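A.B. asks: Here's my sequence, what's the structure:
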Amino acid sequence: MSTPQLRDYQNETIDSVFKEWEAVQRTLAVVPTGGGKSAIAAEVIRRIQPARALFVCHREELVWQFRTTLKRFANLDADIEMADIHTGPSLFNSAPVVIATVQTLNANWGGRTRMGKFKPEEFGVLVCDEFHHAVAPTWKNVMNYMTQNPKLKVLGITATPDRADELALGQICDTVAIDIEILDLIDRGWLVPVEQQFVEIAGLDFSDMRTTAGDLNGADLAAVMESEKNLQGVASSSMQIIGDRRSIVFTASVKQAEVLSNIFNRHKTGMADWVCGMTNKDTRRATLEKFKEGSVQVICNCGVLTEGFDDPGVSVIIMARPTKSRSLYAQMAGRSTRPLPGLVDGLTDQDARKAAIASSTKPSCLIVDFVGNSGKHKLMTSADILGGKVSDDAIVRAIKVAKAKGVPVRISEELLAAEAAIRKEAEERRLAEEARKAKLVAKVKYSTKTVNPFDLFQIAPTKERGWDQGKVLSEKQKALLMKQGINPESMPYAQGKQVLNEMFRRWDKKLATMGQLKVLKRYGYTDANITFEQASGILNRLSGNHWKPLTTK
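C.D. replies: Predicted coordinates:
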């Protein structure tokens, strides 16, 4: 069997990681669920050979999955350190990779932790999966022990984190090598478009619930979701929505999962089953196999399928477990965003990938959220996980539109439409303000060299992420912006870095410089993707015309 080819963004991620490692020891890669984080980790480990690697995760299923991925993508063998499975402590006569759970590495072994059997200086890289967990003491113990080797590099990999995660990760990672959003991969044809449907259930009331560890209190949530009226409302509305599509139901409690499964089966015998963390492993494996092969259409679960469960045939996610956590919501929603197997890999053009998805039997996935009285709580929706690079106002508008329609809506399109409307309104306000100021020209003469790089480059300003909080641009970076007529103090760190990255990208692609775009805009040329050579040609013609507008463009 030939080695699978990495996708374009996976190679971009890997290159970014190694570039960051030239200057720092610890870096973070944010890649959404369905983006192939394990394949990225496998290739990073392959490239760092012959240095030995330690891959750490927090669940048994992830251990075996990564071992398979490592062999498939990197053709490397791995030793396992987990529970009663031990690997040799020495580099000699051992596999080039050790895969372990964080719990095992922290467990007692002969009067010391099991990580103590390994010598940090024999390893070249530590890869931490689901890195949003890494702020926990057990993870910090592993990192602190392994980084006693100053030459060892650390890579954290995670899907979409929430704000609290971002702030915490900014304290334990030197840099963020790359931050890929779900919407990025949908736009590039690697993931299926997401549709959102809101269903109102009168009995749902979250307003008086407590908040524990940043999310709805588990006992409070279970009490509401387990009520007979709400169970019936969730099941009956879901039956009307899903048709014959294979669906995952996420629940707040084991009881809710079991009862929902029974209610589904009252509607249609044998259509549903359920699993939880306490389900016997063999029983759980058999149940999930039936679900994958289609003999079971709906699988209800409590705390099992949020991580490490990959089944591209899943088309619908029933969110019967409301959450305030962006990362948890993203993990649940991500179980449905993968396209069908073999559909897009091998296609180098994003339009071809999108067309293949659109013409398949899974042209999109559907996320169903149940709406009630949320009170003070801000509950997550698909708009929140897709809207990482649009404004908060656009997210609010998109959610409002989706709720008002009451039918499945393509949420990415609603987000972009909302963002476009907001930018149009802002531009109208800007033009009105310029018109107002124009009336003062006769009284006051003024000039400014300040420019709006986002307007010139035709890109939307990125939102500040938690790990960027408190960071400032270097003096060299500030000087480069000032040279282009940009006040570095007028924007947060993330946007300053975004502008610099766009400038470097334009130089690399031989596109028009900011200076060229500034002049061209005064003459009505607004194409930000014009090449440096094309821009030079137009400017030469304008110069030859004594800087008077050209009759033809």
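
A.B. asks: so what's the residue lying closest to Val316 once chain neighbours are set aside bridging to?
C.D. replies: Once flanking residues are discounted, Val316 sits nearest to Ser247: 3.9 Å by Cβ to Cβ, 6 or more residues apart in numbering. Glycine gets a C-beta too; all of them are placed from N, C-alpha and C. Counting by DSSP bridges, Ser247 is bridged to Val298, Val316.

A.B. asks: what's around Leu550, how many residues?
C.D. replies: By other Cβ atoms under 10 Å, 13 other residues sit near Leu550.

A.B. asks: Excluding covalently adjacent residues, which one is nearest to it?
C.D. replies: Using Cβ to Cβ, 6+ apart, the nearest residue to Leu550 is Arg541, at 6.0 Å.

A.B. asks: Counting neighbours, which bits of the helix or strand harbouring that neighbour end up buried?
C.D. replies: With elements taken from DSSP states H and E, the one containing Arg541 is helix 532-544. Neighbour-count burial for helix 532-544 flags Gln534, Ala535, Ile538, Leu539, Leu542 (criterion: 16 or more other Cβ atoms under 10 Å).

A.B. asks: would you put the C-alpha positions of that helix in PDB?
C.D. replies: Provided in PDB are the C-alpha atoms of helix 532-544 (Å, rounded to 0.1, in the frame of the first residue of the first chain):
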ATOM      1  CA  PHE A 532       3.800  44.000  -9.000                       C
ATOM      2  CA  GLU A 533       4.600  44.100 -12.700                       C
ATOM      3  CA  GLN A 534       1.000  45.000 -13.700                       C
ATOM      4  CA  ALA A 535       0.900  47.800 -11.100                       C
ATOM      5  CA  SER A 536       4.300  49.100 -12.300                       C
ATOM      6  CA  GLY A 537       3.000  49.300 -15.800                       C
ATOM      7  CA  ILE A 538      -0.100  51.300 -14.800                       C
ATOM      8  CA  LEU A 539       2.000  53.600 -12.600                       C
ATOM      9  CA  ASN A 540       4.400  54.200 -15.500                       C
ATOM     10  CA  ARG A 541       1.500  55.100 -17.800                       C
ATOM     11  CA  LEU A 542       0.100  57.500 -15.200                       C
ATOM     12  CA  SER A 543       3.500  59.100 -14.800                       C
ATOM     13  CA  GLY A 544       3.800  59.500 -18.500                       C
END
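
A.B. asks: Could you list every helix and strand in contact with it?
C.D. replies: helix 514-522 (3 or more Cβ pairs under 8 Å, 6 or more residues apart in numbering; DSSP states H and E).

A.B. asks: For the helix it packs on, what is the distance to the chain centroid?
C.D. replies: When distances are taken as Cα atoms, centre = their mean, to the nearest Å, helix 514-522 is centred 35 Å away from the chain's centroid.

A.B. asks: still on that earlier bit, so how many other residues sit close to the residue nearest to Val316?
C.D. replies: Neighbouring residues of Ser247 were enumerated by other Cβ under 10 Å; the total is 25.

A.B. asks: Going forward, the N-terminal residue is numbered 666.
C.D. replies: Renumbered: residue one is now 666, and that last one reads Ser912.

A.B. asks: And it, how far from Ser1001?
C.D. replies: 9 Å (Cβ to Cβ, to the nearest Å).

A.B. asks: can I assume the residue nearest to Val981 is in contact with Ile983?
C.D. replies: Yes. Between Ser912 and Ile983 there is a contact under Cβ atoms under 8 Å: 5.8 Å.

A.B. asks: tell me the mean pLDDT for the lengthiest helix in the chain?
C.D. replies: The longest helix of the chain (DSSP state H) is helix 1076-1103. Averaged over helix 1076-1103, pLDDT sits at 82.

A.B. asks: go on, stretch 1190-1200?
C.D. replies: Averaging pLDDT along stretch 1190-1200 yields 91.

A.B. asks: what sits up against it?
C.D. replies: Applying Cβ atoms under 8 Å, 6 or more residues apart in numbering, the contact partners of stretch 1190-1200 are Leu1121, Phe1122, Gln1123, Lys1175, Leu1176, Ala1177, Thr1178, Gln1181, Leu1182, Leu1185, Ile1203, Lys1218.

A.B. asks: just stretch 935-955 next, same as before
C.D. replies: By Cβ under 8 Å, 6+ apart, the residues outside stretch 935-955 that reach it are 919, 922-923, 925-926, 929-930, 956, 960-970, 974.

A.B. asks: Give me the buried subset of those residues.
C.D. replies: Among these, those buried by neighbour count (16+ other Cβ under 10 Å) are 919, 922-923, 925-926, 929, 956, 961-970, 974.

A.B. asks: Poorly predicted segments of the chain, please.
C.D. replies: Residues of the chain meeting the criterion pLDDT under 70: 666, 754-758, 1102-1116, 1217-1218.

A.B. asks: Domain-wise, how is it divided?
C.D. replies: Listed by automatic domain parsing, the domain ranges of the chain are 673-845, 859-1082, 1108-1209.

A.B. asks: tell me how far the first one is from the chain's mean position?
C.D. replies: In other words, domain 673-845. Using Cα atoms, centre = their mean, the offset of domain 673-845 from its chain centre is 19 Å.

A.B. asks: Quick one: end-to-end length of that domain, please.
C.D. replies: 12 Å (Cα to Cα, to the nearest Å).

A.B. asks: Verify the stated contact: the residue nearest to Leu1215 with Thr1216.
C.D. replies: No. Taking contacts as Cβ under 8 Å, Arg1206 lies outside contact range of Thr1216: 10.6 Å.

A.B. asks: re earlier: what about the very next helix or strand once past the longest helix of the chain, distance to the chain center?
C.D. replies: Once the chain leaves helix 1076-1103, the next helix or strand it forms, by DSSP H and E, is helix 1118-1122. Its chain's average C-alpha position is 25 Å from that of helix 1118-1122, according to Cα atoms, centre = their mean.

A.B. asks: ok, and what's touching helix 1118-1122?
C.D. replies: For helix 1118-1122, contacts defined as Cβ under 8 Å, 6+ apart pick out 1125-1126, 1149, 1151, 1160, 1164, 1167, 1171, 1179, 1182-1183, 1186, 1193.

A.B. asks: next one: stretch 791-801
C.D. replies: With Cβ under 8 Å, 6+ apart, stretch 791-801 has contacts from 693, 702-703, 706, 709-710, 718-723, 727, 731, 767, 804-805, 807-808, 811-812, 817-824, 826-827, 830, 833-834, 836-837, 972, 992.

A.B. asks: Can you get me the start-to-end distance on that stretch?
C.D. replies: Using Cα to Cα, the two ends of stretch 791-801 sit 17 Å apart.

A.B. asks: Stretch 688-704 now?
C.D. replies: 24 Å.

A.B. asks: burial of Leu848, as a residue count?
C.D. replies: 22.
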